[in-house]
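A.B. asks: Turn this into a structure:
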Amino acid sequence: MNIALDTNIWIYLTKDTFFELWTKFKEMKENGEVKVLVNDIILKEWARNKPTTIKTLTNNIKNEYKSALNLSALFSDNVVAKICLS
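C.D. replies: Down below sits the predicted model:
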């Protein structure tokens with residue numbers, strides 16, 4: 001099967017929401033089930049959007065990490081409080 005994807009679709013596939021879809025798509029490509037068709041316009045658009053996409057992904061990862069640290073601290077405080085109250 002031949003498939004052509006617009007640059008916006010490639011960018012959407014970088015989001016964690018679509019990780020399973022990306023994984024399946026990559027597997028199909030590696031197994032030869034799918035052939036990806038790309039033209040110069042898509043390559044130019046990707047080159048133009050790549051730095052912003054990487055920055056966005058990096059910021060998302062940092063935010064997830066901060067959230068995890070905050071949750072960890074919250075749960076740690078609750079555990080200490082419960083031990084002190086016991």
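
A.B. asks: so how many other residues sit close to residue 62?
C.D. replies: Neighbour count for residue 62, taken as other CB atoms under 10 Å: 10. From N, CA and C alone the C-beta is placed, and that goes for glycine too.

A.B. asks: who touches it in this structure?
C.D. replies: With contact set as CB atoms under 8 Å, 6 or more residues apart in numbering, residue 62 has no partners.

A.B. asks: Work out for me the element it sits within.
C.D. replies: Using DSSP states H and E, residue 62 sits in helix 40-85.

A.B. asks: pLDDT of that helix, averaged?
C.D. replies: What helix 40-85 shows for mean pLDDT is 82.

A.B. asks: Centre of the chain to that helix, how far?
C.D. replies: In terms of CA atoms, centre = their mean, to the nearest Å, the centre of helix 40-85 is found 11 Å from the chain centre.

A.B. asks: For residue 75, the count of nearby residues, please.
C.D. replies: Using other CB under 10 Å, residue 75 has 10 other residues around it.

A.B. asks: From residue 31, how far out is it?
C.D. replies: Separation of residue 75 from residue 31 (CB to CB, to the nearest Å): 42 Å.

A.B. asks: Pull the number of nearby residues for residue 8.
C.D. replies: Close neighbours of residue 8, defined as other CB under 10 Å, add up to 10.

A.B. asks: and it, what element?
C.D. replies: Assessed by DSSP H and E, residue 8 sits inside helix 7-13.

A.B. asks: Only the buried residues of that helix, if you could.
C.D. replies: Going by neighbour count (16 or more other CB atoms under 10 Å), the buried part of helix 7-13 is 7, 10-11.

A.B. asks: mind saving the C-alpha coords of it as CSV?
C.D. replies: This file holds the C-alpha atoms of helix 7-13, laid out as CSV (Å, rounded to 0.1, in the frame of the first residue of the first chain):
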residue,chain,number,x,y,z
THR,A,7,3.2,17.6,6.9
ASN,A,8,0.5,18.4,9.6
ILE,A,9,-0.2,14.7,9.9
TRP,A,10,3.5,14.0,10.5
ILE,A,11,3.5,16.7,13.2
TYR,A,12,0.4,15.3,14.8
LEU,A,13,2.0,11.8,14.9
